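Student: okay, predicted coordinates and the sequence, questions at the end:
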Amino acid sequence: MPQQFVNTNNTQQRPDGKYNSVIADIQKDGVCPFCSEQLKKYHKNPITKETNYWLVTTNMYPYKNTKHHILIIHKEHIQSVTELSEAAWLELRRIYGDVINESNIPGGTMFIRFGDTRFTGASVAHLHAHLVSSDPDNGEYEPILTRIG
Ligand SMILES: [Zn+2]
């Protein structure tokens, strides 16, 4: 069985049918959408910050009800946090702090799915970190719900 870079089973609950078809197309292409060779093809939002280990951007398919949905993508293809260097962890901590300050985010949630996507709900296996924040002052506020397993 070839390496699976994406998991179409984990896109089903996303209300945006476009996302499901994008992930299905990537699966047919048999490539990793977050590796540098393919990132520009599949990810059209600008890279807002680049460090030694990470690229910072916004999610092209933000979860419903997010005000901010930032992705911090590890530059090298790894799939587990056990492969992260200490330097990469430290950089990630700094990036989270910088993004929260620069975007003036008063509260939010940070998470990283890692490893076998059957256990995580991730649609892309390449290690990336999320920062999501809701919009409670919006009159149509609803909570952010997503799958983490
Ligand atoms: Zn990759």
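Tutor: Thanks, I have it.
Student: output stretch 136-149 as CSV - backbone C-alpha positions only.
Tutor: The C-alpha trace of stretch 136-149 is given here as CSV (Å, rounded to 0.1, in the frame of the first residue of the first chain):
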residue,chain,number,x,y,z
PRO,A,136,-18.1,35.6,20.4
ASP,A,137,-19.0,39.2,19.7
ASN,A,138,-20.6,38.3,16.4
GLY,A,139,-24.3,38.3,16.7
GLU,A,140,-24.5,35.0,15.0
TYR,A,141,-21.9,33.4,17.2
GLU,A,142,-21.8,29.6,17.3
PRO,A,143,-19.1,27.5,18.9
ILE,A,144,-16.3,25.9,16.8
LEU,A,145,-16.6,22.2,16.6
THR,A,146,-14.0,19.9,15.0
ARG,A,147,-12.9,16.3,15.1
ILE,A,148,-9.8,15.4,17.1
GLY,A,149,-10.1,11.6,16.9
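Student: contact partners of that stretch?
Tutor: 10, 13, 63-67, 109, 111, 113, 119-121, 132, 134-135 (CB atoms under 8 Å, 6 or more residues apart in numbering). The C-beta positions use only the backbone N, C-alpha and C, and glycine is treated the same way.
Student: what segments of this structure are strands?
Tutor: 49-50, 54-58, 68-74, 109-112, 128-133 (DSSP state E).
Student: just the mean pLDDT for the longest one, thanks.
Tutor: What that stands for is strand 68-74. Mean per-residue pLDDT for strand 68-74: 98.
Student: quick one: low-confidence ranges for the protein?
Tutor: 1-2, 13, 15 (pLDDT under 70).
Student: give me that answer again for 80
Tutor: 1-3, 12-17 (pLDDT under 80).
Student: close to the ion: what parts of it are there?
Tutor: 32, 34-35, 77, 126 (CB under 5 Å from the ion).
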